[in-house]
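[1] next input, structure requested:
(chains A and B)
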Amino acid sequence: MKLIIDGKAFNAYPGDSILDVARREGIAIPTLCYHEAFGGQGSCRLCMVEVTAGGRSRLVASCTYPVSEGIEVKTSTPAVEKIRRNIIMVLYKRASGSVLMQKLYREYGCSENSLGEKQEERCIVCRLCVLACEKMGTSAISTVMRGIDKRVGTPYDQAATACIGCAACAHICPTGAIEVLDSGNIRTIWNKNFNLINCERCGQPFATREEIDYVSRRSGIEDAELCFCEECRRKKLVGKMQGFSPC
Amino acid sequence: MTTMNKSLIHLLLVCCGTGCVANGAREVYQALKDNLTSDDKAVLAATTSARATGCHGLCAQGPFVRILPEDITYCRVKAADIPEIVEKTLKQGEVVKRLLFRDRQKKALVQGQNDIPFYRRQTRVALRNVGLIDPSSLQDYLERGGYRALEKSLLDMRPEQVIEEIIKSGLRGRGGGGFPAGLKWKACAATPAQPRYIICNGDEGDPGAFMDESIMEGDPHSVLEGMIIAAYAVGASTGFIYVRDEYAQSVASLQKAIEEAENHGFLGENILGSGLDFDIEIVRGGGAFVCGEETALIASIEGHVGEPWDKYVFPSEKGLWGQPTIINNVETWANIPVIMERGASWFTSLGTEGSKGTKVFSLVGKVANTGLVEVPMGTTLREIIFDIGGGVPQGRKFKAVQTGGPSGGCIPAELLDLKLDFDSLSQAGSMMGSGGLIVMDDRTCMVEVARYYLSFLAGESCGKCVPCREGIKCLLEILTRICHGQGEIEDLELMEDIAETMQQASLCALGRTASNPVLSTLRYFREEYLEHIEGQRCPAGICRELSEFWIDPAICTGCGLCLPRCPVEGIKGEKKQAHRIESDKCIRCGECIDSCSFQAIKVK
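    This is a model prediction of the structure:
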């Protein structure tokens, strides 16, 4: 099907969101809670755009709005820009400790006001960490509480049995709000300590025992195959490939 | 009037709605049964029947015992009053005057329910059976014409005719959104996917609202009948009733009704021989306000956290477990059987151009007759608050009425002649919501009211999307500051700016309307905000840092009523001499103001 984004016509597949098309075609729409691995959540609302469908215009979240034939999308109108600026402004007030939010606050030209700032806070509750943990199949963390107290945590803020210390949550976090402390052979994350195992090749500590076991169990790959750090795994693979000659 | 068995001389209806039960209605009912069945009154037992009914509506005066056919309504009845009622009224035909309703305006005692001004101006459609039937008795419901509409729909009409009739009736959803019910049904029926689901939204979460509760408690079969008719119309096989956990009596009442309906072939397989198979299950909500939002409610039924999703595709196409789903509110469902029985044209004869039929309102706050009121759409606020509700008590002045629940708005006295319907309320910056009406008098600070509602929403928003979660947090922060005398004039514009983004960008209706309490008070009571910020004064005397009280010596009679009410012994004065407040002691609690019968205590 066809749709128009900022005056230009594009093709889309049924089931695409506006953001899917925009990303594919290199049209910039800002997001905070979107990751291609999970699809749209519709929670940060930074990706709001103006859509005209059937003669009626409205503001929608482009990450969840399914495209339909002939819709017209404007990714940057005064109304859209104002929404984005205000979203950055209020979100910055929650997580003023986040470097990303500080940068966006400046970029969007948010004006100074009387609202208090939480200097020590970095989490913007985008929930990408929760989705990453869910995707791992562990679901050790989730959002807890509701309303303005909503945050991410483990059950009852205790060390979670389900947590394997993989730190996927920390890797995906756009604001560096999740603390992973690797000290010697001990990793501390979400109030839980893990023993790190050393790479068979270089001897550096690189992953938790729980993670290796979990990945082995889920993927069927033997434990021994997994006991290499990322760097060494790559080198090993290169070594293997040198045995083949290109035709 | 309800039907009476011919051998009966008297039928006694005891209100056993939740409010009256809390005031001892069960004991009243038990005492009545004991008195009727005790040996020496064997004659009475044979000729008199007592019935525990749902809510009678005028909750301020409960528990009620209504005696038919004479239509004698006794108010504030206690178990200890029963022997006298039995002895005097039932045996000797005498009225117990001290238990009658006192019409304060006319200064007269009123005997019949329909002579009480509160009831006289009502049109009971959704509440047609509530208060008249025993909700646990299918027989009572059948005697009132129950399940006739189902029979008519299933046996004499095709599904598309049923949908057409509902569309023609113009019935709009009573849960808040006001979306035309028939169009939802049509969209659902037109979506090819199977299975399809029917949901009843009984997650009434607005503070002070209890219209859905009273229907589920007092007339559960009307809800079931509406749902079964819809199941036939759209081809659904399973229904769910989502009831908030606090409504224990509603759950029990619905459970019983479902069992009875199953036993009599109104639910289950091949209903009334029509070939329709339909079952209904009750799901108990956990008490989150946001689960009244339909997509959050659906997520909750599915076992997920109650968070809404973007409704760019409606639940009627993709709802529960991704299947076509009709979700309507309790009151909407209760309207369906009447519409099917009496026809769309009868229904459209009630109400206004854009809002047909009646609406149940829960009238609470600073109003003499608090309770449940059902009136045709288009009835004015003035009629409801003053004619039905009896006006503001204690001689205070009406200031505003808050409509539509926590994310509704406050409507000022200038708009008392506003006709209540979906469209005029949203034009006035408020909304119909599920029908809450909270009356406020001049002892209400509108800034504090906005702050209160925002604090409610701060805890009850799901917290998923940024504009709602962070917007509410910012508004609450500013409002709290203004109430403490630390507001700045720029704050007003900042609030309007944030509020606009919340309206435009929030994910669900809760977020989009969450700023209404702020916007509507800013629109109608801006002066009061300015008083707080620039004048450092709370004119209603509610915000403690900004209030100072004094006693007008010209009005004070020295009656001394306020003296013992003051918790800090801060009022001085001899009897029959004007009193005065020692302002260094005063903690501005306002107890004295509320106790003064002469309104001699003023806010500086």
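
[2] residues near residue 216, how many?
    All of this is about chain A. Residues within reach of residue A:216, counting by other Cβ atoms under 10 Å in any protein chain shown, total 16. Every C-beta, even on glycine, is put in place using the N, C-alpha and C of the backbone.

[3] um, chain B though
    Neighbour number of residue B:216 under other Cβ under 10 Å is 31.

[4] residue A:224 now?
    10.

[5] got it, and residue A:177?
    Neighbours around residue A:177, by other Cβ under 10 Å: 20.

[6] I'd guessed it sits against residue A:123; true?
    Yes. At 3.9 Å, residue A:177 counts as touching residue A:123 under the criterion of Cβ atoms under 8 Å.

[7] common neighbours of those two, please.
    A:95, A:98 (Cβ atoms under 8 Å, 6 or more residues apart in numbering or on different chains).

[8] number of nearby residues for residue 91?
    I went with chain A, as the question did not name one. So residue A:91, with other Cβ under 10 Å, has 26 neighbours.

[9] wait, I meant chain B there
    For residue B:91, using other Cβ under 10 Å, the count is 12.

[10] again, but for the one 3 residues further on
    By the criterion of other Cβ under 10 Å, residue B:94 has 12 neighbours.

[11] which residues does residue A:61 bridge with?
    residue A:48 (DSSP bridges).

[12] quick one: contacts for it?
    Contacts of residue A:61 by Cβ under 8 Å, 6+ apart are A:40, A:42, A:45, A:47-48, B:310, B:507.

[13] how about residue B:132?
    Counting by Cβ under 8 Å, 6+ apart, the residues that residue B:132 touches are B:2, B:13, B:53, B:140, B:144.

[14] not counting sequence-adjacent ones, nearest residue to whichever residue of chain A sits closest to chain B?
    Distances between chain A and chain B by Cβ to the nearest Cβ are smallest at residue A:150, namely 3.0 Å. Leaving out its chain neighbours, the residue that sits closest to residue A:150 by Cβ to Cβ, 6 or more residues apart in numbering or on different chains is residue B:463, at 3.0 Å.

[15] picking that back up, how about the contacts of residue B:132 in JSON lines, adding secondary structure?
    Putting the contacts of residue B:132 into JSON lines (DSSP: H, G, I helix; E, B strand; the rest coil) gives the following:
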{"residue": "B:2", "secondary structure": "coil"}
{"residue": "B:13", "secondary structure": "strand"}
{"residue": "B:53", "secondary structure": "strand"}
{"residue": "B:140", "secondary structure": "helix"}
{"residue": "B:144", "secondary structure": "coil"}
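
[16] a helix runs through the residue nearest to residue A:150, doesn't it?
    No. Residue B:463 is assigned coil when assessed by three-state DSSP, not a helix.

[17] tell me the spacing between the residue positioned nearest the centre of chain A and residue A:36.
    For chain A, the residue nearest the mean C-alpha position is residue A:128 (3.9 Å; Cα atoms, centre = their mean). Computed as Cβ to Cβ, to the nearest Å, the residue A:128 to residue A:36 distance reads 11 Å.

[18] cool, and residue B:275?
    48 Å.

[19] before we move on, what about residue A:130?
    For residue A:130 relative to residue A:36 (Cβ to Cβ), the value is 17 Å.

[20] what about the two, which has more around it?
    Counted by other Cβ under 10 Å, residue A:130 and residue A:36 do not tie: residue A:130 has more neighbours, with 21 against 8.

[21] tell me which helix or strand comes right after the helix or strand hosting that one.
    Residue A:130 belongs to helix A:128-136 when assigned by DSSP states H and E. Where DSSP H and E defines the elements, the next helix or strand beyond helix A:128-136 is strand A:142-144.

[22] using CSV, write down the CA coordinates of stretch B:404-423.
    The C-alpha coordinates for stretch B:404-423 follow below in CSV (Å, rounded to 0.1, in the frame of the first residue of the first chain):
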residue,chain,number,x,y,z
GLY,B,404,-17.2,13.0,35.4
GLY,B,405,-15.0,11.5,38.1
PRO,B,406,-11.5,12.4,38.9
SER,B,407,-10.6,13.5,35.4
GLY,B,408,-13.7,15.5,34.9
GLY,B,409,-14.0,19.2,35.5
CYS,B,410,-15.6,21.7,37.9
ILE,B,411,-18.6,23.6,36.6
PRO,B,412,-19.4,27.0,38.3
ALA,B,413,-22.6,28.5,39.4
GLU,B,414,-23.0,30.5,36.2
LEU,B,415,-23.4,27.3,34.3
LEU,B,416,-26.1,25.8,36.5
ASP,B,417,-28.6,25.9,33.6
LEU,B,418,-26.3,23.7,31.6
LYS,B,419,-28.2,20.8,30.2
LEU,B,420,-26.4,17.6,31.1
ASP,B,421,-25.5,15.5,28.1
PHE,B,422,-22.3,14.2,26.6
ASP,B,423,-21.6,17.1,24.3
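
[23] OK, contacts around whichever residue of the stretch 351-500 of chain B sits closest to chain A?
    At 3.0 Å from chain A, residue B:463 is the closest residue in the stretch 351-500 of chain B, using Cβ to the nearest Cβ. Taking Cβ under 8 Å, 6+ apart, we find residue B:463 in contact with A:125, A:143, A:145-150, B:469.

[24] before we move on, the earlier item: mind picking the two most distant members of the contacts of residue B:132?
    Largest separation among the contacts of residue B:132 by Cβ to Cβ: B:13 and B:144, giving 12.9 Å.

[25] who's more crowded, these two?
    residue B:13 (24 against 17).

[26] just list whatever residues bridge to the more buried one.
    Going by DSSP bridges, residue B:13 forms beta bridges with residue B:51, residue B:66.

[27] for it, give its distance to residue B:117.
    From residue B:13 to residue B:117 the distance is 20 Å (Cβ to Cβ).

[28] before we move on, what about residue A:127?
    Using Cβ to Cβ, we find residue A:127 at a distance of 54 Å from residue B:117.

[29] out of these two, which sits in the more crowded spot?
    Using other Cβ under 10 Å as the criterion, residue A:127 and residue B:117 rank with residue A:127 on top: 21 against 18.

[30] residue A:35 is in contact with the more buried one, correct?
    No. The criterion here is Cβ under 8 Å, and residue A:127 misses it with residue A:35 at 10.1 Å.

[31] which residues does stretch A:120-134 contact?
    Under Cβ under 8 Å, 6+ apart, the answer for stretch A:120-134 is A:32-33, A:35, A:37-38, A:41, A:43-44, A:91, A:94-98, A:101, A:139-143, A:150-152, A:168-178, B:463, B:466, B:469.

[32] now that stretch, how far from the chain's geometric center?
    Remark: stretch A:120-134 is offset 8 Å from the chain centroid, using Cα atoms, centre = their mean, to the nearest Å.

[33] without its sequence neighbours, what residue ends up closest to residue A:41?
    residue A:33 is the one closest to residue A:41 (Cβ to Cβ, 6+ apart), at 4.9 Å.

[34] ok, now residue B:23?
    Per Cβ to Cβ, 6+ apart, closest to residue B:23 is residue B:63, 5.4 Å.

[35] separation between the one you found and residue B:49?
    18 Å.

[36] where does residue A:63 land in three-state SS?
    Assignment for residue A:63 (three-state DSSP): coil.

[37] can you check residue A:152 too?
    Assignment for residue A:152 (three-state DSSP): strand.
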